[in-house]
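Colleague: Prediction below, plus the sequence it came from.
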Amino acid sequence: MRQLICILLILFLSGCANYRSQQYFERDVEVKKQNEQVANIEGRATVYLFREPLLLPTYVPIAAINMAIDERLTATMPVGSYTIHSLEPGVHKFSSVVGFIDPFFPPAIKRTDLELNIEADKVYYVGSSNSLFGKYMRQVNTEEGLKIISKSEQAKWIHNPVTVDTYIERIKKIDADYKLKKATSLSNALPSNEQVKSFLEGLALVAIIAISAMGAPPAQGITYPPAYAHQPSAYYAPRQQQEKKSADFQAQPYPTMRQSNGSLSEIVQSRDRIEVRNLSTSTRYSIEDGKITGSDGSRYRVFGPNVISDTGQTYQVMGNTLYTGDGHSCQKTGSQIICN
């Protein structure tokens with residue numbers, strides 16, 4: 001009986017540390033399996049971004065922190081959580097940022113950065129230490145990394161990620177409103193559900209077009225615009241073997257695409273690349289050689305049925321449906337894109 005009470009007490013105290021942070025954990029088993037598929041993609045580096053679990057249980061709630069890769073937020077991470085990222089080899093900056101507001105003092109914002117030069121086909125473990133005297137962001141060896149991951153749970157990704165600087169500026173604005181007695185919350189510094197839905201619907205259109213342009217076979221009953229389906233060679237042939245192409249874009253005879261919030265997107269194409277233009281936000285996505293480049297600074301690469309962002313979030317396309325790593329899905333039906 002005494003042992004049972006001790007076990008229940010430990011579980012209770014451990015749960016207290018993540019009080020009000022449970023919504024940031026990924027609970028769907030199938031989604032977790034999908035997230036694990038991004039590990040060990042040939043030619044890329046796999047990075048486990050973690051927040052260490054506590055060594056001892058506590059009854060004091062500990063705030064979740066936001067992690068970022070290359071200045072863009074990737075996840076809100078409670079104690080004992082991690083995310084998996086597939087990154088291009090090279091130098092990357094890993095950051096943690098957390099903010100607190102107070103009615104009498106300026107907002108307390110703590111940001112820590114760690115730069116690493118990562119290599120292809122290697123696995124890295126990078127994250128925050130919960131030690132009072134240790135480094136806040138650090139890289140650990142494989143043995144320690146596996147131990148941390150085994151005691152942690154997957155966290156959900158942040159879609160439509162803002163930059164770290166933008167996030168900090170939003171915290172300052174929220175703090176100013178708080179001092180003026182306006183109803184506000186730190187969660188307002190992150191994208192809202194509607195903003196995430198709008199972002200995913202725009203990305204779904206781009207991802208479906210990009211993968212069909214790479215020559216991916218359509219699922220049964222799915223048809224792609226013929227100009228995309230019949231031009232995979234233009235994306236695989238070496239540049240010097242391709243004939244000189246005109247850079248002038250021409251609108252294609254495809255319907256203007258509509259999102260659930262009313263945003264409209266048009267598809268235009270030159271001989272060597274495709275552009276998807278959001279007419280409501282003026283954001284443009286250029287699709288060329290298996291790469292997607294957004295005018296908003298976002299970048300993606302196509303690997304088979306997967307579209308991977310430069311910060312490691314992975315999206316999978318099956319037919320006319322895009323699946324995210326946290327359970328969302330977006331369906332292209334006719335001229336409409338709708339996400340759940």
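Modeller: Cool, the structure landed.
Colleague: Not counting its neighbours along the chain, what's nearest Lys151?
Modeller: Pro53 (4.8 Å; Cβ to Cβ, 6 or more residues apart in numbering). Placement of C-beta: from N, CA and C, glycine included.
Colleague: That neighbour: neighbour count?
Modeller: 21 (other Cβ atoms under 10 Å).
Colleague: Relative to Lys93, how far out is it?
Modeller: 24 Å (Cβ to Cβ, to the nearest Å).
Colleague: so Glu201, which of the three states?
Modeller: helix (DSSP: H, G, I helix; E, B strand; the rest coil).
Colleague: wait, Asn40
Modeller: coil.
Colleague: And Lys181, by the same measure?
Modeller: Lys181 is classified as coil under three-state DSSP.
Colleague: if I look at it, how far off is Phe94?
Modeller: 37 Å.
Colleague: So which of the two has more stuff around it?
Modeller: Phe94 (25 against 8).
Colleague: what's the distance between the closest residue to Ala108 other than its chain neighbours and Ile171?
Modeller: Of all residues not flanking Ala108 in the chain, Phe100 sits nearest, at 4.5 Å (Cβ to Cβ, 6+ apart). For Phe100, the distance to Ile171 (Cβ to Cβ) stands at 9 Å.
Colleague: Residues that sit against both of these two, list them.
Modeller: Pro107, Ile109 (Cβ atoms under 8 Å, 6 or more residues apart in numbering).
Colleague: okay, the two: which has more neighbours?
Modeller: Using other Cβ under 10 Å as the criterion, Phe100 and Ile171 rank with Ile171 on top: 21 against 13.
Colleague: Run a quick check on the more buried one versus Ile109, I expect a contact.
Modeller: Yes. Using Cβ atoms under 8 Å as the test, Ile171 is close enough to Ile109 to be in contact (6.1 Å).
Colleague: Show me whatever sits in contact with both of the two.
Modeller: In contact with both Ile171 and Ile109: Gly99, using Cβ under 8 Å, 6+ apart.
Colleague: circling back to that earlier point, the residue nearest to Lys151 contacts Ser150, doesn't it?
Modeller: No. The criterion here is Cβ under 8 Å, and Pro53 misses it with Ser150 at 9.7 Å.
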